[in-house]
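1. Sequence isn't available, so here's the structure alone:
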């Protein structure tokens, strides 16, 4: 892969992974727009590792608390905030794993990688995010996260396996629908991304087999580092802007891009 394509791929993945504008949709569209071949699963693993590192670093205090709570969770004790956080994250990840296996087994995963599907999901779920953000009541913060809400948000997150949906966007939509404030919705969506990225990255790694070469290792290292930096910047920017700006700018971007893709797809 050409160096400029590699850099563009990593930066696009890093920026779009945590903004509610769909990283999978952009990664599918990028090679089509550039007239290049698909980047392949090894590079997908690399950029996943980069974005995972960014969210772990940014939310390290929460991650550390959750990790400390895993031993208690494993023996059925949920008497600490860390144990409850770890348990809720584990429960919220189950739907996306089940749905992911279903899509892989049935072959629907590849069938949905089309411009028309991405156009409709960009447009439809973008408008849904705007509706829930504008209409949703604010009655909860992330400290109020319950097991029931973890299950519901896990089901919302599973929808993100449809290209163009946006994992962070659909999870934030679900959290706003449940009454969480904007910052708490984004925080829960980001924390839920950690086990989800681990699951998807692990699957991709197992599926790549023995395709590693010295050149590929170099490309993956570059992609992971650039994805980490761009994801960290995007995370900081979004979390800071949420104190004064709604999700509307992201919705406008999604609607415009979705409309353009639909015009192209059907003409």
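-> Structure's in. What do you need? None of the values given here were measured: they were computed from a predicted structure.
2. C-alpha only now, for contacts and for neighbours.
-> OK.
3. Find the residue ranges of the stretch 151-267 of the chain scoring beneath the pLDDT cut-off.
-> Across the stretch 151-267 of the chain, the ranges flagged by pLDDT under 70 are 208-212.
4. Go again with 50.
-> By pLDDT under 50, the stretch 151-267 of the chain contains no weakly predicted segment.
5. hey, where'd the helices end up in it?
-> 167-177, 182-208, 214-241, 248-266 (DSSP state H, counting those that start in this stretch).
6. so residue 68 is in which element?
-> helix 60-74 (DSSP states H and E).
7. re the thing from before, among the helices of the stretch 151-267 of the chain, single out whichever gets nearest to residue 6.
-> helix 214-241 (6.4 Å; CA to CA).
8. what about stretch 110-117, how long is it end to end?
-> 11 Å (CA to CA, to the nearest Å).
9. Without its sequence neighbours, what residue ends up closest to the residue nearest the centre of the chain?
-> Against the mean C-alpha coordinate of the chain, by CA atoms, centre = their mean, the closest residue is residue 167 at 3.8 Å. Leaving aside its chain neighbours, residue 167 sits nearest to residue 160 (4.6 Å; criterion: CA to CA, 6 or more residues apart in numbering).
10. Neighbours of residue 252, how many?
-> 15 (other CA atoms under 10 Å).
11. I meant residue 104, not that one.
-> 11.
12. any idea how far residue 111 is from it?
-> With CA to CA as the criterion, residue 104 and residue 111 are 10 Å apart.
13. Equivalent analysis for residue 135, please.
-> Counting by CA to CA, the gap from residue 135 to residue 111 is 34 Å.
14. same deal with residue 207?
-> Applying CA to CA to residue 207 and residue 111 gives a distance of 18 Å.
15. again with residue 216
-> 27 Å.
16. Can you report how many residues lie near the nearest residue to residue 199 once chain neighbours are set aside?
-> Counting by CA to CA, 6+ apart, residue 199 lies nearest to residue 97, which is 7.3 Å off, once chain neighbours are set aside. Using other CA under 10 Å, the number of residues around residue 97 comes to 19.
17. Quickly find the element holding residue 97.
-> helix 81-106.
18. After that helix, heading C-terminal, what element do we hit next?
-> Next along the chain from helix 81-106, counting by DSSP H and E, comes helix 108-111.
19. Show me what that following helix is packed against.
-> Contact partners of helix 108-111 among helices and strands, from 3 or more CA pairs under 8 Å, 6 or more residues apart in numbering; DSSP states H and E: none.
20. quick thing: my sequence starts at 58, can you match it?
-> From this message on, residue numbering opens at 58, which makes the last subject helix 165-168.
21. mean confidence score for it?
-> For helix 165-168, mean pLDDT is 85.
22. which parts of it are buried?
-> residue 166 (16 or more other CA atoms under 10 Å).
23. Beyond that helix, next helix or strand please.
-> In the C-terminal direction from helix 165-168 (assignment by DSSP H and E), the next one is helix 172-192.
24. Quick one: mean pLDDT for that next one?
-> 95.
25. For residue 197, give me phi and psi.
-> phi -140, psi 160 (degrees, to the nearest 10).
26. From start to finish, how long is stretch 157-173 in a straight line?
-> 21 Å.
27. Flag every buried residue along it.
-> Those would be 157, 160, 166, 169, 170, 171, 172, 173, for stretch 157-173 by 16+ other CA under 10 Å.
28. nearest to residue 106, of the residues you listed?
-> residue 157 (18.7 Å).
29. Give me the distance between the closest one and residue 213.
-> From residue 157 to residue 213 the distance is 13 Å (CA to CA).
30. do residue 281 as well
-> From residue 281 over to residue 213 (counting by CA to CA), the distance is 27 Å.
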